[in-house]
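1. 3D, please:
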Amino acid sequence: MALKILSIPPLIMTGLLIIATGCGEKAVQQNFDEKVVVETVEAVQKEVAIPVHSSGKLSAKLEVKLAFKTGGITDRIYFDEGQTLKKGQLLAQLDLSEINAQVVQARAAFEKALRDLERVKKLYEDNVTTLEQLQNASTALEIAASRVKVAEFNLHYSSIFAPANGKILKRFVEPGELVGGGSPVFLFGSDENDWIVRIGVVDMDIIRLTLGDSASVFFDTYPDIRFSAYISEIAETADPMIGTFEVEVTLDKNEHKLVSGFIAKVDIVPSKREAFYIIPVESLVEGDGKNGFVYTLEKDTGVARKIGVEIGHIFDREIAISSGLKDGDAVIFKGVEYLSDGTQVRASRL
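-> Numbers count the residues shown, from 1 in each chain. Sure, this is the predicted structure:
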C-alpha cells in the first residue's frame, strides 16, 4: 500500500513556523526573567586608617594628692572642695606644738655642739686634748646641724601649700582629725596644665598608635560637641591587672567648662594606614567575629559564588576586608538575600 504524503499549504506552514519561533523566544525570555537581579561593586584596595575606640575619665594633667610629711593633729583647713587657689597659698596646717618643740630642741643641741667644738679646739691648741677628741667634736656638730635641717624640714611640711594655680578637687580630712604622715588631705588639680583622658588599649591596637595621633573626645555633658585631642603618652608595658596598655590623650585648648571625673568616649585615628578592600555593609551575608561571607559574580558565567573573607573593621555603612578578595572582583551588595552558591544572576550594574 503506497503511503500518502500530505501536502501542507504554504500559508499554514508559514503560520506554524511563526508559532514555533514565538514559543522559542518566549522560553528564552522566561529563562532570562528567572535570573536574580543583583547589583555589584568592584573590589578595589584602598589605604585607610582603622579607628581605635575606648573610654576613660577626664582629669587635669597635674592632679596630685597633697599630704603632710609628718603625722599629727590637723589644726586648720583653709579651703574646701571646688575652691580656686593660687600657687603658694596655705591650704592646711597641723598643730605645731610638738614639731616646734622638736625644732627648738634640735637648734639647742646644735648650739651646744658648736660651743663644745670651740672649747675642744682651744684645748687642742694648748695640747690638753687629743686629735680624736677634736674630730669627735666636729662630727657631733655636723650631726647636730643635720638634725636641725630635719626638724625644720618637718616643720615646713607640716603645712600644705598649693603647688600651682588650681582647685581643690577633693578634701579627705577635717580639722581636729589625727592624720598619719603621707595620708592624703586634698586632691589637687592644676588649671595651668592641659586636660587629659587616660584610656586602656588592647595589644592589637597599641601597635597601630603613635605619639601625636589625632583623636576625638565626647562627653555626655556636651552631647553635640566634639573635642579635638591628640595622643601625648603611650605606655610601654601592659597593666598587670587588666592586661591593657594605658594611653594618655590630651585635649586641645577650648572654652568649655570641664570638670575632673567626666566620663569620656575617645575615638583615635591612627596615622598608620593599612590596605583593605572597602565594600558596602549590605554585601556581608554571614559573620562570626573576624570571619564572614560575601557573594561575587563570575562575569563569564553569570553565576554567584559564596566566598569567605576576613573582616578588618566595620564602619557605619562599609566594611573593610583584609583578605579573601582580589582586585576586580564584582562583589554583590543588592539581591544577596535571594542567593545561594551557584545561583544564576543578572547584574543590572557592574
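
2. D194 reaches N254, doesn't it?
-> No. Look at D194 against N254 with CB atoms under 8 Å: they stay out of range, at 10.6 Å. From N, CA and C alone the C-beta is placed, and that goes for glycine too.

3. Need the residues touching each of the two.
-> When CB atoms under 8 Å, 6 or more residues apart in numbering defines a contact, no residue borders D194 and N254 alike.

4. other SSEs contacting the biggest helix by length in the chain?
-> Scanning the chain for the helix with the most residues, using DSSP state H, yields helix 97-125. For helix 97-125, the packing partners by 3 or more CB pairs under 8 Å, 6 or more residues apart in numbering; DSSP states H and E come out as helix 131-156.

5. quick one: L58 from T221, how far?
-> In this view, L58 and T221 are 10 Å apart by CB to CB, to the nearest Å.

6. anything in contact with each of those two?
-> Joint contacts of L58 and T221 (CB under 8 Å, 6+ apart) are F262.

7. higher neighbour count, the two?
-> L58 (21 against 14; other CB atoms under 10 Å).

8. Could you check the pLDDT of the residue lying closest to the more buried one once chain neighbours are set aside?
-> The shortest distance from L58 to any non-neighbouring residue, by CB to CB, 6 or more residues apart in numbering, is to F262 (4.0 Å). The score at F262 is 93. That number is its pLDDT.

9. same deal with K272?
-> If you check K272, the pLDDT there is 85.

10. The nearest residue to it once chain neighbours are set aside - how many residues pack around it?
-> Of all residues not flanking K272 in the chain, R208 sits nearest, at 5.4 Å (CB to CB, 6+ apart). By other CB under 10 Å, the residues close to R208 number 18.

11. give me every residue that touches R208.
-> Shown in contact with R208 (CB under 8 Å, 6+ apart): I50, V52, P270, K272.

12. so it, which of the three states?
-> Put simply, R208 is coil when judged by DSSP: H, G, I helix; E, B strand; the rest coil.

13. what's near enough to touch I314?
-> Counting by CB under 8 Å, 6+ apart, I314 has contacts V281, A320.

14. so what's C23 scoring on pLDDT?
-> In the predicted model, C23 carries a pLDDT score of 43.

15. How about P51?
-> You'll see P51 listed with a pLDDT of 90.

16. surely it meets S271?
-> No. Checked against CB under 8 Å, the pair P51 and S271 is beyond contact range at 11.9 Å.

17. Okay, now the unreliable bits of this structure?
-> Counting by pLDDT under 70, the chain shows low-confidence ranges at 1-33, 192, 349-350.

18. In contact with the spatially most central residue of it, which residues are there?
-> By CA atoms, centre = their mean, the chain has its centre lying nearest to I199, at 3.6 Å. Shown in contact with I199 (CB under 8 Å, 6+ apart): S54, S55, G56, E246, V247, V249, V266.

19. do the same with F68
-> F68 makes contact with A92, L94, Y157, S158, S159, I160, V179, G181, G182, S183, V185, according to CB under 8 Å, 6+ apart.

20. which among the residues you listed gets closest to V103?
-> Lowest distance from V103 to the contacts of F68 (CB to CB) belongs to S158, with 10.2 Å.

21. What is the burial count for the residue lying closest to the closest one once chain neighbours are set aside?
-> Distance criterion CB to CB, 6+ apart; nearest residue to S158, sequence neighbours excluded, is L94 at 4.4 Å. Neighbours of L94 under the rule other CB under 10 Å: 26.

22. Also L90?
-> 13.

23. now swap in the one 10 residues further on and tell me
-> If you count neighbours by other CB under 10 Å, N100 ends up with 13.

24. Next one: it relative to R107, how far apart?
-> According to CB to CB, N100 stands 11 Å off from R107.

25. and what of F186?
-> Computed as CB to CB, the F186 to R107 distance reads 31 Å.

26. Between those two, which is the more surrounded one?
-> Per other CB under 10 Å, whichever of F186 and R107 has more neighbours is F186, with 25 against 16.

27. wait, that one sits on L91?
-> Yes. In this structure, F186 is within contact of L91 by CB under 8 Å, at 6.3 Å.

28. who touches both of those two?
-> Joint contacts of F186 and L91 (CB under 8 Å, 6+ apart) are L66, F79, I160, I168.
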